[in-house]
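Novice: Mind looking at a prediction? Sequence and model below.
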Amino acid sequence: MSDRHVLEEIRALKGETARLLGARAEHLAASGEAAKDIAADVKAFLSDLRDALALEEAEIERAFAGRTATALVSALALGVVIGYVLRRKS
């Protein structure tokens, strides 16, 4: 092989390496943007979920306000039923 041929191969490899590194940088930038978009969507979903849970919690508090005894008896009965069902499955 001549020196000229080796130099041409090195230049070709250098060009190919630069092209591949550029493509990799583009992919990294695109994936970073996609990750940011997904993170924004998740944050919005969690915010909506938190608001919905706060509304439901307030609704449950209003439903049981002034009915402490009824709520306790209902919880006890539900606990007994769940315990009985779980005991039968074991």
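Specialist: The structure has been received and is ready for your questions. Because the structure is a prediction, the values reported are computed rather than measured.
Novice: tell me which element the most centrally placed residue in the chain falls in.
Specialist: In the chain, the residue lying closest to the centroid (C-alpha atoms, centre = their mean) is V42, at 6.0 Å. If you go by DSSP states H and E, V42 is part of helix 3-64.
Novice: Helix or strand next in line after that helix, which one?
Specialist: Next element after helix 3-64 (DSSP H and E): helix 68-89.
Novice: what does that next one contact?
Specialist: Helix 68-89 is contacted from outside by F64, using C-beta atoms under 8 Å, 6 or more residues apart in numbering. Yep, even glycine has a C-beta here, placed from its N, CA and C like the rest.
Novice: And stretch 27-41, by the same measure?
Specialist: Around stretch 27-41, nothing counts as a contact under C-beta under 8 Å, 6+ apart.
Novice: The helix holding V42 relative to helix 68-89, how many degrees between them?
Specialist: On the basis of axes from the mean of the first three to the mean of the last three C-alpha atoms, to 10 degrees, helix 3-64 is oriented at 120 degrees to helix 68-89.
Novice: For helix 3-64, what does the pLDDT average out to?
Specialist: Average pLDDT, helix 3-64: 84.
Novice: Report the distance from it to the chain centre.
Specialist: Distance, stretch centre to chain centre, for helix 3-64: 13 Å (C-alpha atoms, centre = their mean, to the nearest Å).
Novice: List the buried residues in stretch 50-67.
Specialist: Residues of stretch 50-67 include none that count as buried (16 or more other C-beta atoms under 10 Å).
Novice: And A12, how far from D3?
Specialist: 15 Å (C-beta to C-beta, to the nearest Å).
Novice: When those two are compared, which one has more neighbours?
Specialist: Remark: of A12 and D3, A12 carries more neighbours, 10 against 7, as counted by other C-beta atoms under 10 Å.
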